[in-house]
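Asker: show me the folded form of this:
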Amino acid sequence: MIYLELFLAFLKIGSVAFGGAYGAIPLIQEVVLSHSWVDPETFIYFIAVSETTPGPIMVNLATYVGHQQGGFLGAVLATVGVVLPSFIIILLVTAVFRGFLKNKNIQAILKGLKPAIIGIIIATGAFIIFDNMMSGALVLHSAIDWHGAIILGILTLAIVLHRKIFKKSPSPILLIVISACLGMAFC
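Answerer: Numbers count the residues shown, from 1 in each chain. Model prediction:
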């Protein structure tokens with residue numbers, strides 16, 4: 001019986017929880033405490049652990065509460081219950097928009113938007129780079145952050161060399177690790 005209760009309770013939560021996981025926490029708390037599945041202190045602990053573990057908080061909370069009440073099967077059913085409404089909505093939207101996106105007029109609009117979006121991304125990236133290298137202000141008399149300029153140069157060189165040697169772009173994770181190491185080395 002606990003398995004059905006877990007599934008239905010988290011299915012209800014997944015169906016009505018809008019506004020992100022933080023907006024769903026009070027709803028989850030109400031359901032969990034009203035069923036006396038955990039005490040308020042344990043629920044706070046579950047929230048803290050859910051924030052520190054990978055994945056959406058709502059899914060993590062469902063998994064922890066489900067496991068607390070029904071072991072592995074309880075965790076699976078609570079997790080499936082909270083995820084199922086979103087999964088069904090995404091499937092329906094995909095089915096509806098698949099035909100919509102094949103329309104030649106929509107394709108023409110998307111092709112026209114692509115260069116504009118790329119330009120916005122490049123402009124934003126350039127602004128962030130120059131703003132950070134100019135000590136936080138884009139004015140003519142600002143001091144250049146030479147550490148930032150050197151790190152940018154090394155990263156640019158690493159990208160160019162990686163593309164020349166391996167004939168593909170480097171992993172963003174690798175670039176983040178390199179920039180973190182360079183940032184620590186220069187500070």
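Asker: break this protein down into its domains, please.
Answerer: Domain segmentation of the chain under automatic domain parsing yields 2-101, 111-186.
Asker: can you tell me which of the ones you listed is packed in deepest?
Answerer: Of these, the one with the most neighbours on average (mean count of other Cβ atoms under 10 Å) is domain 2-101, at a mean of 16. C-beta: built from backbone N, CA, C; applies to glycine.
Asker: chain center to it, what's the gap?
Answerer: For domain 2-101, the separation from the chain centroid amounts to 17 Å (computed by Cα atoms, centre = their mean, to the nearest Å).
Asker: tell me the pLDDT at the residue nearest to Gly183 when sequence neighbours are not counted?
Answerer: Spatial nearest neighbour of Gly183, chain neighbours left out: Ile151 (6.6 Å); criterion: Cβ to Cβ, 6 or more residues apart in numbering. In this model, Ile151 is scored at 87, pLDDT.
Asker: got the phi and psi for Ile151?
Answerer: phi -60, psi -40 (degrees, to the nearest 10).
Asker: just Gly55 next, same as before
Answerer: When read as degrees, to the nearest 10, the backbone of Gly55 gives phi 110, psi 170.
Asker: same deal with Asp145?
Answerer: Backbone dihedrals for Asp145, given as degrees, to the nearest 10, come out at phi -80, psi 100.
Asker: quick one: residues contacting the residue nearest to it when sequence neighbours are not counted.
Answerer: Leaving aside its sequence neighbours, Asp145 sits nearest to Met133 (Cβ to Cβ, 6+ apart; 4.9 Å). When the contact criterion is Cβ atoms under 8 Å, 6 or more residues apart in numbering, the partners of Met133 are 144-145, 148-149, 152.
Asker: that older thread, I'd like to know how far the residue nearest to Gly183 sits from Ser86.
Answerer: From Ile151 across to Ser86, the span is 39 Å (Cβ to Cβ, to the nearest Å).
Asker: need the next SSE after the longest helix along the chain, C-terminal direction.
Answerer: The longest helix of the chain (DSSP state H) is helix 57-101. As assigned by DSSP states H and E, the chain's next helix or strand after helix 57-101 is helix 104-133.
Asker: cheers, nothing more for now.
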